[in-house]
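Novice: Need a 3D model of the following:
(chains A and B)
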Amino acid sequence: MYYAIRKLLMLIPLMLGVSFLVFLMMRVLPGDPAKTRAGLHATPEMIEKIRQELQLDKPLLVQYYLFLRDAVHLDFGRSIRSNQPVLTEFLIRYPNTIMLTLTATMLFLLIGIPLGVIAAVHHGSIWDGLTILVGLIGISMPSFWLGLLLIWEFAVKLKLLPSFGLSSPAHMILPAITLAAYGIAYTARYTRSSMLEELGQDYITATRAKGLSERTVLYRHALRNSLLPILSQAALGFGYMLGGSVVIEVVFTINGIGKLIVDAILYRDFPIVQAGVLLISINFVLVNLFADLAYGLIDPRIRLT
Amino acid sequence: MEENILLTEPRLVPPASVPKRRASLYQHAFRRFIKNKIALLGLGLVAVQILIAIFASVIAPYDPLAVDMKTVLAPPLTPGHLLGTDDLGRDMVSRLAYGARISFGVGLVVVLIAISIGVPLGALAGYFQRLDPWISFVIEVLLAFPGIILALAIVAALGPGLLSVMIAVGITSVPMYVRVVRGQVLSLKQRDYVVSARALGMSEGGILFRQILPNCLGPIIVQATINIGTSILQAASLSFIGVGVQPPQPEWGAMLSQARSYIILAPHIVALPGIAIMSVVLGFNLLGDGLRDALDPRFIR
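Specialist: Sure, this is the predicted structure:
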């Protein structure tokens, strides 16, 4: 319990830090937001008026407090481009991004972990070699390029699968595989090396000496212990998918929050960028928190430290 | 014939069995490295690409920006254009070679930025207990932005362009150096040689920077090698989505972004930049893995 409370309390300074950094980047660096909002032909008086409306004449920390107060009330202002509330723009697109990210996360766990286990159990075999090769290629290949190749093969040449949008489950296949590819490769490599490390421990020799079957040794003991670090890697992997979905949404023209942010950057629509970066980070921090808490539940050693 | 140890007189170990000078960690590492064929393959991939980047102006038969509307989307092996031309008739060999220059420039600058911020921070956090919570907090905040999002936010603030990409990916890479160096310093500062340096009256700064940090070099080298690869990948992603290096610059990611509309007419202009990115990143990954195995033989792969 103590462990869980401490983890929850640590969330507060972390979120303050994250929001301050986002605030700083979006409010201070990109020049004068009042001028941006007023447009090209604004008179100095108009700019001054907008500056007061946006409360940009106040000290920095007061501005941050106001930003934070609005953010807590889920008020992120209005998009410069569409003049819609920023939150509405996000809520429309959020399901697409989350569906894509969750599908990819499931894919990389369901494929990556077994690949790594098989490779470690048959250490030095052809399967091991293949996993190493697939793993290396997977972490070296640009995801957007893989996406383009899959579009070319399955959408253009074979005409089997749709290549843009997210209007049916079939639309999900190519983007999810593309997004998951790096995760599959990374998880396979990670699972393999943590399994091998576990198999080298003394207690494994002891369980073998005890006469337990190889199956029990591998799956009851070695895999169980090496799954713990893999679990927290999975949470990080989810975050990676969340970030990576930005690129994938651009490749497959999916109307998600990643594409919204990229378009907003090109349009200099800072309220959207600011809220988007903040929301994605909060999402990621919360997933990590759940993984930490789950970790604490499964492994009593963690709770005691 | 075996001697009975109990009956013979005790004698010193024959000097011949002791090497004259103990080989250093790095000599051992070098020997392990050159036996590792996969690591050498990585080194080869990287070396070839570095040579292409350095001699881009010699290799490129044309100006990488020169438009030639008479030979648009020529396939590979067209006379005069070994790898064909793109949608504006620009020579692919020339563009890919100059692209190597941009990518290595990005990789190098990113690593320099990340090391010059990350290594001192990690060293201070590992050595001075009072600074540790503050530095670790900053790092945790940076790590709360998943994947490419932090880089995206920085590019948004600075505006698209090559320099923004370098700074963005550089800052994104800082946390891994802080973590590696902090961990290393934490374990090294308990060693006997550090205790004796302190007993001899060496200053804390001297101990940290002259005694401890040189011993962190191995993990930093491994990290930097892999980091060059990942930052080339990230920079290409940023350019692909349009917020990084801008066309007409022959950056590989930007080239792919342009080429995607011509995937049916000219698949080669989609395939080639991707192969270029992948071979460089693969090279650095293999090299990094090889260096880690060589420098830390306990690590299991």
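Novice: quick one: low-confidence parts of the chain?
Specialist: By default, I'm working from chain A. Applying pLDDT under 70 to chain A flags residues A:28-33, A:36-37, A:302-305.
Novice: Sorry, I should have been clearer: chain B.
Specialist: Scanning chain B for pLDDT under 70 picks out B:1-23, B:297-301.
Novice: For it, which segments count as helices?
Specialist: Assigned by DSSP state H, chain B shows helices spanning B:25-35, B:37-54, B:56-59, B:92-127, B:132-143, B:149-158, B:162-188, B:192-199, B:204-206, B:217-240, B:252-259, B:268-295.
Novice: What helices and strands are in contact with the third one?
Specialist: What it means is helix B:56-59. Contact partners of helix B:56-59 among helices and strands, from 3 or more C-beta pairs under 8 Å, 6 or more residues apart in numbering or on different chains; DSSP states H and E: helix B:92-127. The C-beta positions use only the backbone N, C-alpha and C, and glycine is treated the same way.
Novice: Quick check: buried residues in the helix it packs on?
Specialist: For helix B:92-127, the buried set under the neighbour-count rule, 16 or more other C-beta atoms under 10 Å in any protein chain shown, comprises B:92-104, B:106-111, B:113-115, B:117-127.
Novice: burial count for the residue nearest to A:Gly116 when sequence neighbours are not counted?
Specialist: Once flanking residues are discounted, A:Gly116 sits nearest to A:Thr191: 2.6 Å by C-beta to C-beta, 6 or more residues apart in numbering or on different chains. Neighbour count of A:Thr191, defined by other C-beta atoms under 10 Å in any protein chain shown: 28.
Novice: what helix or strand is A:Thr191 on?
Specialist: If you go by DSSP states H and E, A:Thr191 is part of helix A:169-199.
Novice: Next, the buried residues of that helix.
Specialist: Buried-residue list, helix A:169-199, by 16+ other C-beta under 10 Å: A:171-199.
Novice: need the next SSE after that helix, C-terminal direction.
Specialist: Next helix or strand after helix A:169-199 toward the C-terminus (DSSP H and E): helix A:202-209.
Novice: Give the buried residues for that next one.
Specialist: Neighbour counts over helix A:202-209 (16+ other C-beta under 10 Å) mark A:204, A:207 as buried.
Novice: Give me the contacts around that helix.
Specialist: With C-beta atoms under 8 Å, 6 or more residues apart in numbering or on different chains as the test, helix A:202-209 has contacts from A:198, A:214, A:216-217, A:221-222.
Novice: Which one of the residues in the stretch 201-305 of chain A is closest to chain B?
Specialist: Closest approach of the stretch 201-305 of chain A to chain B (C-beta to the nearest C-beta) occurs at A:Gly243, with a separation of 2.3 Å.
Novice: and the angle from the longest helix along chain A to helix A:169-199?
Specialist: Criterion DSSP H: the longest helix present in chain A is helix A:86-121. Interaxial angle, helix A:86-121 versus helix A:169-199 (axes from the mean of the first three to the mean of the last three C-alpha atoms, to 10 degrees): 50 degrees.
Novice: returning to what we had before: how near is the residue nearest to A:Gly116 to chain B?
Specialist: According to C-beta to the nearest C-beta, to the nearest Å, A:Thr191 stands 13 Å off from chain B.
Novice: check contacts around that residue.
Specialist: Neighbour list for A:Thr191: A:112-113, A:115-117, A:120, A:226, A:230 [criterion: C-beta under 8 Å, 6+ apart].
Novice: Out of those residues, flag the one nearest to chain B.
Specialist: Distance ranking of the contacts of A:Thr191 against chain B, using C-beta to the nearest C-beta, places A:Ala120 first at 9.6 Å.
Novice: List the contacts of that closest one.
Specialist: Residues in contact with A:Ala120 (C-beta under 8 Å, 6+ apart) are A:128, A:191-193, A:195-196, A:199.
Novice: try 7 Å this time
Specialist: Residues near A:Ala120 by C-beta atoms under 7 Å, 6 or more residues apart in numbering or on different chains: A:192, A:195-196, A:199.
Novice: B:Ala151 too?
Specialist: By C-beta under 7 Å, 6+ apart, the contact set of B:Ala151 is B:168-169, B:172, B:234, B:238.
Novice: Highest neighbour count among those residues?
Specialist: Neighbour tally across the contacts of B:Ala151 (other C-beta under 10 Å): the maximum, 31 neighbours, falls on B:Val169.
Novice: Mind checking what secondary structure the residue nearest to the spatial centre of chain A has?
Specialist: Closest to where the C-alpha atoms of chain A average out (C-alpha atoms, centre = their mean) is A:Gly239, at 2.2 Å. At A:Gly239, secondary structure determined by DSSP: H, G, I helix; E, B strand; the rest coil is helix.
Novice: got the contact list for the nearest residue in space to it that is not next to it in sequence?
Specialist: Nearest residue to A:Gly239, sequence neighbours excluded (C-beta to C-beta, 6+ apart): B:Pro146, at 3.3 Å. Contacts for B:Pro146 (C-beta under 7 Å, 6+ apart) come out as A:239-240, A:242-243, A:280, A:284.
Novice: Give me the spatial nearest neighbour of B:Phe240, chain neighbours excluded.
Specialist: B:Gly253 (4.0 Å).
Novice: Sorry, slip of the keys, the one I care about is A:Val121.
Specialist: Distance criterion C-beta to C-beta, 6+ apart; nearest residue to A:Val121, sequence neighbours excluded, is A:Leu218 at 5.8 Å.
Novice: Now do the SS call for that neighbour.
Specialist: Following three-state DSSP, we place A:Leu218 in the helix state.
Novice: right, and it touches A:Ile118 too?
Specialist: No. Between A:Leu218 and A:Ile118 there is no contact under C-beta atoms under 7 Å: 10.6 Å.
Novice: Report the separation between the nearest residue to A:Val217 once chain neighbours are set aside and A:His123.
Specialist: Leaving out its chain neighbours, the residue that sits closest to A:Val217 by C-beta to C-beta, 6+ apart is A:Thr207, at 5.0 Å. Going from A:Thr207 to A:His123 by C-beta to C-beta, to the nearest Å gives 18 Å.
Novice: Please list the residues of the stretch 51-200 of chain B that sit near chain A.
Specialist: B:137, B:140-141, B:144-149, B:152-158 (C-beta under 7 Å from any C-beta of the partner chain).
Novice: List buried residues within those residues.
Specialist: Neighbour-count burial (16+ other C-beta under 10 Å) applied to these gives B:140-141, B:144-149, B:152-158.
Novice: buried stuff in the helix or strand harbouring A:Leu279?
Specialist: Under the criterion of DSSP H and E, A:Leu279 resides in helix A:270-298. Within helix A:270-298, the residues scored as buried using 16+ other C-beta under 10 Å are A:270-285, A:287-289, A:291-292, A:295-296.
Novice: Please list which of those are also close to chain B.
Specialist: With C-beta under 7 Å from any C-beta as the criterion, the buried residues of helix A:270-298 include A:273, A:277, A:280-281, A:284-285 near chain B.
Novice: Residue numbers of the stretch 201-301 of chain B in contact with chain A?
Specialist: So the stretch 201-301 of chain B meets chain A at B:233, B:236-237, B:240-243, B:256, B:260, B:263-264, B:267, B:270, B:274, B:277-278, B:281-282, B:285-286, B:300-301 (C-beta under 7 Å from any C-beta).
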